[in-house]
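**Student:** Sequence below, structure please.
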Amino acid sequence: MKITDNFTLAELTKTSVKANNTPNHLQTVNLCRLCFYLLQPIRDKIARPLDVTSGFRSDAVNKAIGGSGASQHLDGMAADINCSTISKADLFKLIAKEFDYDQCILELDSNCLHVSYFMAGRNRGDVLVRNKIDGKYVYDKYTKKQLDTLNV
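**Tutor:** Model (predicted):
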């Protein structure tokens, strides 16, 4: 199912885990909202393909990969993305400054950028940088103004 010009339900539900990863109706609505209000506008702005490395995750998939039980991926509200022609840090700063989102997380310990979208007027606009220190995830919160001085 094509959601927007550049995103499909199949790419937002793909997984290498051998488990059912089919979203229910509400999760599908959330995935559509994520694409329509965040992923497609990002794609339109940068005019380059975005690779969704992880979108929706069923409980079984989330558990298999060690995801958080509170992950927005479970609700169809989040995606981990990459762009092969823009650095992860530059894409992070662009999204954090110019778009409406619930969370924008630069994951320094992985090869992706986490973005989520809840609902217009209800998004928190959290700007976070994640590191893994002594086996634990540590999140540092930033303001949009601090992004100009962030050295990553």
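**Student:** ranges for the helices of this protein?
**Tutor:** Taking DSSP state H to define them, one finds helices in the chain at 9-13, 25-34, 40-46, 59-65, 88-98.
**Student:** Now do residue 45: how many residues are near it, please.
**Tutor:** 12 (other Cβ atoms under 10 Å). C-betas here are computed from N, CA, C, even on glycine.
**Student:** Actually, residue 65.
**Tutor:** The burial count assigned to residue 65 is 14, neighbours taken as other Cβ under 10 Å.
**Student:** beta partners for residue 128?
**Tutor:** In this structure, residue 128 bridges to residue 105, residue 141 when assessed by DSSP bridges.
**Student:** burial measure for it, as a count.
**Tutor:** Applying other Cβ under 10 Å, we find 16 residues neighbouring residue 128.
**Student:** Quick one: residues contacting it.
**Tutor:** With contacts taken as Cβ atoms under 8 Å, 6 or more residues apart in numbering, residue 128 has the following neighbours: 103-106, 139-142.
**Student:** Got the confidence number for it?
**Tutor:** According to the prediction, residue 128 has pLDDT 96.
**Student:** on that earlier part again, just the buried residues of the contacts of residue 128.
**Tutor:** Neighbour counting over the contacts of residue 128 (16 or more other Cβ atoms under 10 Å) leaves 103-106, 142 as the buried ones.
**Student:** coming back round to it: and the contacts of residue 128 as JSON lines, adding distance to residue 72 and pLDDT?
**Tutor:** Formatted as JSON lines, the entries for the contacts of residue 128 read as follows, by distance: Cβ to Cβ, whole Å; pLDDT from 0 to 100:
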{"residue": "103", "distance to residue 72": "7", "pLDDT": "98"}
{"residue": "104", "distance to residue 72": "12", "pLDDT": "98"}
{"residue": "105", "distance to residue 72": "10", "pLDDT": "97"}
{"residue": "106", "distance to residue 72": "16", "pLDDT": "97"}
{"residue": "139", "distance to residue 72": "14", "pLDDT": "94"}
{"residue": "140", "distance to residue 72": "19", "pLDDT": "94"}
{"residue": "141", "distance to residue 72": "17", "pLDDT": "96"}
{"residue": "142", "distance to residue 72": "19", "pLDDT": "94"}
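**Student:** Just give me the closest of those residues to residue 96.
**Tutor:** Using Cβ to Cβ, residue 104 is the member of the contacts of residue 128 that sits closest to residue 96, with 4.7 Å.
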